[in-house]
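Student: quick one, fold the following:
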Amino acid sequence: MKFAEFARICEEIERLSGRLEMTEVISRVLSGLDEIDLPIFVQFVTGKIFPDWSPLKLGIGPNLLYDAITLIVDGTRDDVIGEINRRGDAGLAVQAILEQKKMARRSPRAATIQTALFSQELDLAEVYGKLEKIARQGGRASQQEKLSLIQSLFQNASPLEGRYLARLLMEDLRIGVGEGTIRDAIARAFSVDPREVEHAYQARNDLGEVAMLARLGESALRNVHIMPFHPVKMMLAQQGTIAGAIDENGTVAAEYKYDGSRFQFHKVGDESRIYSRKLEDVTDALPDVTRILEGATTHDVILDGEVIAVRDGKPLPFQAVLRRFRRKHGIEEMQKEVRVQPFVFDILYLDGETLIDLPFIERRARLMSALSDHVAPQVVSDDPGEIEKVYQESLAAGHEGLMIKVLSSPYTPGIRGKNWLKIKPSVDTLDLAVIGAEWGEGKRAHVFGSFLLACQDQGELTALSKVATGFSDEQLADLYELLSDHVLSESGKEVNLEPFLVFEVGYSEIQESPNYECGYALRFPRFIRLRDDKGIADIETLDGIKERYLRQKK
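Tutor: Coordinates of the predicted model:
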C-alpha cells in the first residue's frame, strides 16, 4: 500500500461521524491488504506505531517535529510554529506548509531549491521501517539521526500525506478510530466472531497480530495464548460500595487496596522480567523485587501485583515507590533509600497454561500453589460487617482502601468493569489526560497555572474539566518542566499540549454541562497527584463518567 492511499483513507474516515460507517470503510480496506501491510495499517489507523507490549517507543516530541519541518521549507522555525498556532493542529499546518512549498516549486526560483520534494512515492512499509529505525536510535547522535529520518519522510510526502505523517509522529491521528472500531472491522473483514477477536487481543495485546490471525479464521484466534515476556494490559477496577457488591454477587473476595504501583512479573526458567502498568520493562530498576519473586516460585509464571514503598514496616506514599520505578542510575543506593515490598494478587500464566479464562477463585488457588510467599492477604465473605472490618484495617495500616473481587470472574486485560471494585474514603477521584493549559498570573506567570483535562471516548480524547487548585508552586514548576517540550500550539494564554501526562483529580460531583464537548463537567476539581505510572490508555472513559453521574443521581 502506498502511504498516499493510507492518507486518502484517513481523510475519508475523518469526514465520517458514525462508528458503523468507519467500521465499514476500514473492513473493506483490511480484506484487501497483504501480510506485510495488514498489521502496519491496523496500528497506524489507530494512531499507533507499535503495539502496546512492544519495548519500542518513538520518542518524538513536538520540538523535533518542528525542527524537521523547518529544514524542508524556506521559512524559519518561528514561521512553522506560527502556522501551527494558527491552525491549532500540527497535521493541518504541515499540509498547508507543504502546499505552499509545492506552489513555490512551480516558479523559476524553484530551480535553486536544493532539496527535491516528492522525489519518490512513500510505501506504508517504508514509512514503518523508518519509524522503527527512529525508535531504535540511541546515544549522543540519536536526536540528529532522528531528525534526518523525519526530514527524509517529509521530503517525499505530498501535502495530504504530510498531514497524517505529522499526526502519526505525534501518535495522535485525530480521525476518531479507537480499538473497539478496529476490533469490529477485523471481525467484519474476515467474517469471524467479534468476541474471538476481543479475546485474542486481550491475550496478545497486538491488534496487528490479531488481524493476521483473523485472516486465518476463528480457529487461529481460539488457539491464542498469553506469552511470557509479551506483557498484556492489566485488569482494571471501577468504584463501588461494599453493600452494593454483596447485594449483587453474594460472597466476594476482599483485599487491601495498596497505594503503590502495579507490576507484571514474567518468569521462565532462570529468566525474569518486570513490567510497569504502562508495560515498560522496569526490571533493572527493581532488582530486589525480581530476587524476591524468583525466590518465591520454581514455576514459569506471569503474576499481577502491586509494589509499595515501606519504612519500618509502614507503607510510604505513592510518590516514594515511583522514585524506584523511574530510577535508571544509582540503583544500589536507591534500594537502600527506598525499600519496596511486592504483593501478588493474581496469576495469568502457569507452566505453559493460560489462566485468564478461569474464575478468580480458581486462579487464586493456582496462585497459592505456585507462590510460597508475598501473596496479598484475602478475606472471602458475604457479611458486609466482616468486609467493612477489613476495609477499616486496611486504612488503619496506611493503605488506600479496599478491593472487592467477584469470585466467578475471568481476568479481562485492559477492561474496567464490575468484577473488580475499589472502595476508597472521602473524595471521589478520576484519572484524566492533560491536553491543554493556560499560563499563570502574578508570581506564576512563568509557568502553567491551570490545565485542561480529558477523558477518552472510543479512542478519542474529549475535554471534561479544567483544574487550577491543589498545586504547590514547586509542583507547578515541575509540571512546566515536564510539559514545556510538548506544546503543540499556543493562542493567547491557552496552550495545546501533546497528551501523554495523567493527573488524578478529586471532585465533589459530576454535572451536566454544555461548556465541554463531552457534555459533563467536574464541580470543584482539585489536583491530587501526578500518575506517571499510567498512560493515556488508562484514563477514565466517557461511559465511566456517565455511569458515575447516574450513580450519583441515585
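Student: and the contacts of stretch 58-69?
Tutor: The contact list for stretch 58-69, computed with C-beta atoms under 8 Å, 6 or more residues apart in numbering, reads 49-50, 77, 80-81, 84, 90, 94, 97, 131, 134-135, 137, 143, 146-147, 150-151, 154, 166, 169-171, 485-488, 498. Using the backbone N, CA and C atoms, a C-beta is placed for each residue, glycine as well.
Student: any idea how far that stretch is from the chain center?
Tutor: Relative to the mean C-alpha coordinate of its chain, stretch 58-69 is positioned 20 Å out (C-alpha atoms, centre = their mean, to the nearest Å).
Student: CA-only coordinates of stretch 493-506 in PDB, if you can.
Tutor: Taking Å, rounded to 0.1, in the frame of the first residue of the first chain, the C-alpha atoms of stretch 493-506 are listed here in PDB:
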ATOM      1  CA  LYS A 493      -2.800  32.400  27.200                       C
ATOM      2  CA  GLU A 494      -4.100  29.000  26.000                       C
ATOM      3  CA  VAL A 495      -1.700  26.200  25.100                       C
ATOM      4  CA  ASN A 496      -2.500  22.900  23.400                       C
ATOM      5  CA  LEU A 497      -0.400  20.000  24.700                       C
ATOM      6  CA  GLU A 498       0.600  16.600  23.300                       C
ATOM      7  CA  PRO A 499      -1.400  14.200  25.500                       C
ATOM      8  CA  PHE A 500       1.000  12.000  27.500                       C
ATOM      9  CA  LEU A 501       0.600  13.000  31.100                       C
ATOM     10  CA  VAL A 502      -2.200  11.700  33.500                       C
ATOM     11  CA  PHE A 503      -3.500  13.600  36.600                       C
ATOM     12  CA  GLU A 504      -5.500  12.100  39.400                       C
ATOM     13  CA  VAL A 505      -8.100  14.700  40.200                       C
ATOM     14  CA  GLY A 506     -10.600  14.900  43.000                       C
END
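Student: buried stuff in that stretch?
Tutor: 495, 496, 497, 498, 499, 500, 501, 502, 503, 505, 506 (16 or more other C-beta atoms under 10 Å).
Student: which among those residues gets closest to residue 265?
Tutor: For the buried residues of stretch 493-506, the residue nearest residue 265 by C-beta to C-beta is residue 502; the value is 23.2 Å.
Student: tell me what that closest one is bridged to.
Tutor: Beta-bridge pairing of residue 502 under DSSP bridges involves residue 433.
Student: drop anything exposed from the contacts of stretch 58-69.
Tutor: For the contacts of stretch 58-69, a burial check counting by 16+ other C-beta under 10 Å picks out 49-50, 80-81, 84, 90, 94, 97, 131, 134-135, 137, 146-147, 150-151, 154, 166, 169-171, 486-488, 498.
Student: buried ones in the strand or helix carrying residue 303?
Tutor: Per DSSP states H and E: residue 303 is located in strand 301-311. By 16+ other C-beta under 10 Å, the buried positions in strand 301-311 come out as 301, 302, 303, 304, 305, 306, 307, 308, 309, 310.
Student: residue contacts, the first one?
Tutor: Right, residue 301. 265, 266, 267, 347, 349, 350, 351, 370, 371.
Student: okay, the buried residues of strand 301-311 in TSV with distance to residue 460 and pLDDT next?
Tutor: Shown next, in TSV, are those (distance: C-beta to C-beta, whole Å; pLDDT from 0 to 100):
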residue	distance to residue 460	pLDDT
301	37	98
302	31	98
303	33	98
304	29	98
305	32	97
306	30	96
307	33	95
308	34	94
309	36	90
310	40	90
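Student: just the CA atoms of stretch 52-62, as PDB, please.
Tutor: Presented in PDB, the C-alpha positions along stretch 52-62 are these (Å, rounded to 0.1, in the frame of the first residue of the first chain):
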ATOM      1  CA  ASP A  52       1.400  -1.600  23.400                       C
ATOM      2  CA  TRP A  53       3.500  -4.600  24.600                       C
ATOM      3  CA  SER A  54       6.500  -3.600  22.400                       C
ATOM      4  CA  PRO A  55       9.600  -2.000  24.100                       C
ATOM      5  CA  LEU A  56      10.000   0.300  21.100                       C
ATOM      6  CA  LYS A  57       8.900   3.900  21.700                       C
ATOM      7  CA  LEU A  58       9.100   6.600  19.000                       C
ATOM      8  CA  GLY A  59      10.300   9.300  21.400                       C
ATOM      9  CA  ILE A  60       9.500  12.300  19.300                       C
ATOM     10  CA  GLY A  61       8.200  15.500  20.800                       C
ATOM     11  CA  PRO A  62       6.700  18.500  19.100                       C
END
